[in-house]
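Chemist: Turn this into a model:
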Amino acid sequence: MTALRSRRAVAAFGAVSAGLLLLSACNKPTPMATVTVGTNSVSSQTDCYNDGKEIPAAELAKCLKSKDIKSIKVDPDETVRFGVDPGIADNSWTLLMNGQPLTDSSKKTYRTIPGSVFFNAQYGASGNSTLVSIKEGENKVTGVWTFKLEKAS
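Modeler: Residues are numbered from 1 along each chain as shown. Below is the predicted model of the structure:
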């Protein structure tokens with residue numbers, strides 16, 4: 001009976017070890033970025049994240065052309081709020097509108113921008129939608145989150 005208990009203990013230990021090994025192999029989720037307009041919000045993780053290391057230019061170009069971009073309706077009279085996880089804020093972040101810097105870099109976890117900015121030609125907008133990206137990193141790009149802001153009618 002002692003040999004049977006020993007085998008069970010070894011089997012249980014092996015199963016626990018294998019489970020822990022599998023869990024350690026999982027990718028951890030990327031930090032979240034959120035856009036809020038009024039009571040509506042949309043959050044996203046990104047495939048364009050390199051955990052503090054610079055993203056190669058070729059990979060960055062692919063990320064910026066992603067087809068899986070979350071969208072939110074924006075009334076030009078509303079305030080648009082952008083929020084990021086503290087890890088993104090620690091590395092500094094900038095808002096880009098249609099690929100061009102809209103704000104200076106910041107280490108805060110949120111920023112607010114008047115909704116009218118995203119549909120104003122003076123800021124490079126055209127039409128009824130605008131792509132806004134959150135770029136992590138000041139001197140090098142270590143993460144990008146992109147959202148589509150659509151003008152509410």
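
Chemist: distance of residue 99 from residue 141?
Modeler: Taken as Cβ to Cβ, to the nearest Å, the spacing of residue 99 relative to residue 141 amounts to 12 Å. (Each C-beta comes from the backbone N, C-alpha and C, glycine too.)

Chemist: Looking at these two, which one has more neighbours?
Modeler: residue 141 (20 against 11; other Cβ atoms under 10 Å).

Chemist: Just checking, which helix or strand of the chain averages the lowest pLDDT?
Modeler: helix 2-25 (a mean of 47; mean pLDDT, DSSP states H and E).

Chemist: Tell me the strands beside the very next helix or strand once past that one, with direction?
Modeler: Downstream of helix 2-25, the first helix or strand assigned by DSSP states H and E is strand 33-37. The pairing partners recorded for strand 33-37 under DSSP bridges are strand 40-44 (antiparallel), strand 79-84 (antiparallel).

Chemist: residues in contact with strand 33-37?
Modeler: Outside strand 33-37, the residues within contact range by Cβ atoms under 8 Å, 6 or more residues apart in numbering are 41-44, 46, 72-75, 78-85, 88, 115, 132, 134, 145, 147, 149.

Chemist: 6 Å instead, please
Modeler: Here strand 33-37 makes contact (Cβ atoms under 6 Å, 6 or more residues apart in numbering) with 41-44, 72, 74, 78, 80-84, 134, 145, 147.

Chemist: can you check stretch 100-115 too?
Modeler: Residues contacting stretch 100-115 (Cβ under 6 Å, 6+ apart): 74-76, 78-84, 86, 89, 92, 94-95, 124, 138.

Chemist: Show me which of the residues you listed are buried.
Modeler: 74, 78, 80, 82, 83, 84, 89, 92, 94, 95 (16 or more other Cβ atoms under 10 Å).
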